[in-house]
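# pasting the structure only:
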């Protein structure tokens, strides 16, 4: 008999190993089917003992425990559970029953498992409801002055020329009269997080001006691979332009989220005297977040459930530098974190790579540290 189910079971078990960010139904099923399929294909050369009910039950037990843990994690994060355990039980029963019929029922087995998962997801309650989390009362800010935000998109010219134009626009809107000037490094698509701007306005009482300069028009993961040099060069040019125009008594801060944090940190490392501090949100794992100047405090906000903040090829052989809610496993953690990236941005605020009002305390500490 073929030993194909043995490596298939092993890779199925890998697919449900505890991830940093709990999975949704589609993502988890897709990963499990791909890895189990790869194991089935690789099992053509397997020379192990014929699989039997023990292998099926052992694999199902592991899958039920790990996916049940994911549901518990979802509830703890305020997310609705998927209801994995009844799905796994239904699929296991179908596999055990169909397995008694020999090879002729493989197609029926596969179809039955898919049907069981679909029906169970539709009719079985998803378990306990997530605990209610009352939203904190929104802080009402009545600024003495109106905050100024300038964001310049892509355009012709050199980074230095575009940076000078952005600072002229900042001056024209009265931004240079604000106490706090913030150079915001956008994501690859040029996006600036409105929740971050709102938190900054609340922390400064409105006495703030921000300026951002786009360096690409692609998703951050694409820019991370193809436009990192452009991101750093553009940020360095804007930082230098703001530093030249800053009036006496003002402070210049740097802020970036995701790839913006990486580009901002690298630009500041090249020009350590042009900013007074920085706030990095969701920085990639290879971001140099340590201060680059003795008088330059740095605040870093990275959710433990943010895979973008820990993903690195180093996960293949070493644990992440930041604390995460799951144990590290060689190779397995790299695979799981790579899949986690697919749902990182779509998580609720405060979870994964979705940051919200929790940024305000970081801004408050940075403002206090920079006077």
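Right, received. Where do you want to start? It should be emphasised that the depicted structure is a prediction, and the values quoted were computed from it without experimental measurement.

# which parts of the stretch 251-371 of the chain are helices?
259-270, 332-340, 360-369 (DSSP state H, counting those that start in this stretch).

# winner for burial among these?
helix 259-270 (a mean of 25; mean count of other C-beta atoms under 10 Å). C-betas here are computed from N, CA, C, even on glycine.

# what about that one, average pLDDT?
Confidence over helix 259-270 (mean pLDDT, whole number) is 90.

# ok, which of the helices of the stretch 251-371 of the chain comes nearest residue 74?
Nearest to residue 74, of all the helices of the stretch 251-371 of the chain, is helix 332-340, at 13.3 Å by C-beta to C-beta.

# and residue 178, how many neighbours?
22 (other C-beta atoms under 10 Å).

# dump the helices of the stretch 251-371 of the chain to TSV, plus distance to residue 320.
Converted to TSV, these look like this (distance: least, C-beta to C-beta, whole Å):
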stretch	distance to residue 320
helix 259-270	16
helix 332-340	8
helix 360-369	20
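
# identify whichever of those helices lies nearest to residue 83.
Using C-beta to C-beta, the nearest of those to residue 83 is helix 332-340, at 20.1 Å.

# mind checking how far the closest one is from the chain centre?
12 Å (C-alpha atoms, centre = their mean, to the nearest Å).

# hmm, which helix or strand of the protein has the shakiest average pLDDT?
helix 106-123 (a mean of 48; mean pLDDT, DSSP states H and E).

# quick one: the helix or strand following that one to chain centroid distance?
Next helix or strand after helix 106-123 toward the C-terminus (DSSP states H and E): strand 148-152. Going by C-alpha atoms, centre = their mean, the spacing between the C-alpha centre of strand 148-152 and its chain's C-alpha centre is 25 Å.

# for strand 148-152, which outside residues touch it?
For strand 148-152, contacts defined as C-beta atoms under 8 Å, 6 or more residues apart in numbering pick out 162, 165-166, 169-170, 173-175, 178, 184, 186, 190, 192, 197, 208-214.

# so which of those sit within helices?
Within the contacts of strand 148-152, residues falling in helices by DSSP state H are 162, 165-166, 169-170, 197.

# of those, grab the buried ones for PyMOL.
To isolate the buried members of the ones in helices among the contacts of strand 148-152 in PyMOL, using 16 or more other C-beta atoms under 10 Å:
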select buried, resi 162+166+170+197
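
# and of the ones in helices among the contacts of strand 148-152, the nearest to residue 81?
residue 197 (33.6 Å).

# surely that closest one touches residue 211?
No: contact criterion C-beta atoms under 8 Å: residue 197 and residue 211 do not qualify, at 11.8 Å.

# mutual contacts of those two, please.
What both residue 197 and residue 211 touch, as defined by C-beta under 8 Å, 6+ apart, is the set 149, 184.

# where in the protein is pLDDT low?
1-4, 44-52, 98-144, 221, 290-295 (pLDDT under 70).

# gap between the two ends of stretch 177-197?
18 Å (C-alpha to C-alpha, to the nearest Å).

# per-domain residue ranges of the protein.
5-123, 148-303+355-369 (automatic domain parsing).

# span of the longest one from start to end?
Just to be clear, that refers to domain 148-303+355-369. 22 Å.

# the chain should start at 52 in everything you say after this.
Let's use 52 as the start, then, which means that last one is domain 199-354+406-420.

# that's all I had, so thanks and see you.
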